[in-house]
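[1] got a sequence here, can you build the structure:
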Amino acid sequence: MPKLEEIVQQLEETGYRNTASRREVIAAVLSQRGHFAIDDICQQVRWAGRATVFRTMKLLQDTSVVCRVLLENGNLHYRLSSIGHHHHLVCVECGGVQDMEDCVVAEMLTRLANQTSYAIEGHWLEFYGRCGDCRVAKPELQAV
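    Now for the predicted structure:
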């Protein structure tokens, strides 16, 4: 997991200022366990403006410190990330999130780009289901 000073240095090297607000937001993000919403960070760092929180989250996403997780209910959450591009398995029962390091759609993207003449710049994919623990706890909820 990256350390506060490493992240601040990385941002400074790419031209971003090291402000007290930004440092506090980054520290709040690094203290999170599991997935979290931007409102969780805003609650933790009340004196930092929402715009600062949103801008800092975007910087952290661009530098792969965090990744976005779209929950089944449509809420956008984030979580710390130690890997680059990846997808998620999201449990609809307990809310657990598991990283999927393999990009299972790479071949499809190439085909889609060739068929449509698009220069595809990115994609975002989540898989929803029930994790093994939840399936054991409630066998009547087995997938069809």
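
[2] where in this structure is pLDDT low?
    For the chain, residues meeting the criterion pLDDT under 70 lie at 1-2, 139, 141-144.

[3] for the spatially closest residue to residue 119 that is not a sequence neighbour, grab phi and psi.
    Of all residues not flanking residue 119 in the chain, residue 113 sits nearest, at 6.8 Å (Cβ to Cβ, 6 or more residues apart in numbering). Quick note: C-beta positions are derived from backbone N, CA and C, even for glycine. Dihedral pair for residue 113: phi -60, psi -40, per degrees, to the nearest 10.

[4] could you report the neighbour count for residue 113?
    By the criterion of other Cβ atoms under 10 Å, residue 113 has 12 neighbours.

[5] likewise residue 29?
    Using other Cβ under 10 Å, residue 29 is surrounded by 25 other residues.

[6] hang on, the earlier thing: surely the residue nearest to residue 119 and residue 120 touch.
    Yes - counting by Cβ atoms under 8 Å, residue 113 touches residue 120, with 4.9 Å between them.

[7] overlap in contacts of the two?
    When Cβ atoms under 8 Å, 6 or more residues apart in numbering defines a contact, no residue borders residue 113 and residue 120 alike.

[8] got the residue ranges for the strands in this protein?
    Here the chain has its strands, by DSSP state E, at 66-70, 76-80, 87-91, 97-100, 126-129.

[9] mind checking the ones you listed for the one nearest to residue 3?
    For those, proximity to residue 3 was assessed by Cβ to Cβ; strand 76-80 is nearest, at 11.9 Å.
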